[in-house]
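A.B. asks: Mind folding the following:
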Amino acid sequence: MAQFLIDSSFKERSVRFVRAQYERWPALYLNGEPAASSFDGGWHLEVDPVAKYSDILTFSSGAEMEEFWEEHGYALDQNGEGPFSIFYKYYGSRIGGQVEDLDAEVDDDHLAVA
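C.D. replies: Here you go, the predicted model:
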């Protein structure tokens, strides 16, 4: 399991990520609830900057996968898909880094490391 340290850009990026999952899985469940109702209310990520522990976003393809998840955990279903979660914790400053001697290609804001 990995935990993501997030900065202020994560709120905006999480909305794009969740919408992309919704396009992939039209019956998407987000944190155990149908995502369609979340988008009706203008869903946005709730972040507590002083939280002691990580927060979590859970994703499943719909009610059937939610039931499968309860019984089998993070196992893959008959279609080779399964639920997943993102654990995250807010970090108050901009997160960045420097990498040296890296072979990489950048295409439309995507980084591919060789």
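
A.B. asks: pLDDT at the residue most central in space within the chain, what is it?
C.D. replies: Computing the C-alpha centroid of the chain and ranking residues by C-alpha atoms, centre = their mean puts residue 86 first, at 4.8 Å. Listed pLDDT for residue 86 reads 87.

A.B. asks: again with residue 70
C.D. replies: At residue 70, the model reports a pLDDT of 91.

A.B. asks: Could you count how many residues lie near residue 38?
C.D. replies: 17 (other C-beta atoms under 10 Å). In this view, the C-beta of every residue, glycine as well, is placed from N, C-alpha and C.

A.B. asks: typo on my end, it should be residue 15
C.D. replies: Number of residues near residue 15 (other C-beta under 10 Å) recorded here: 15.

A.B. asks: Then residue 61?
C.D. replies: Close neighbours of residue 61, defined as other C-beta under 10 Å, add up to 21.

A.B. asks: cool, residue 85 as well?
C.D. replies: The criterion is other C-beta under 10 Å. On that basis, residue 85 has 13 neighbouring residues.

A.B. asks: Specify the local secondary structure of it.
C.D. replies: Per DSSP: H, G, I helix; E, B strand; the rest coil, the local secondary structure of residue 85 is strand.

A.B. asks: thinking it is in contact with residue 60, fair?
C.D. replies: No - Residue 85 is beyond contact range of residue 60, at 9.6 Å (criterion: C-beta atoms under 8 Å).

A.B. asks: which residues does residue 38 contact?
C.D. replies: Residues in contact with residue 38, defined by C-beta atoms under 8 Å, 6 or more residues apart in numbering, are 18, 30.

A.B. asks: Now with 6 Å, please.
C.D. replies: For residue 38, the contacting residues are residue 30, by C-beta atoms under 6 Å, 6 or more residues apart in numbering.

A.B. asks: element containing it, please.
C.D. replies: Assigned by DSSP states H and E, residue 38 belongs to helix 35-40.
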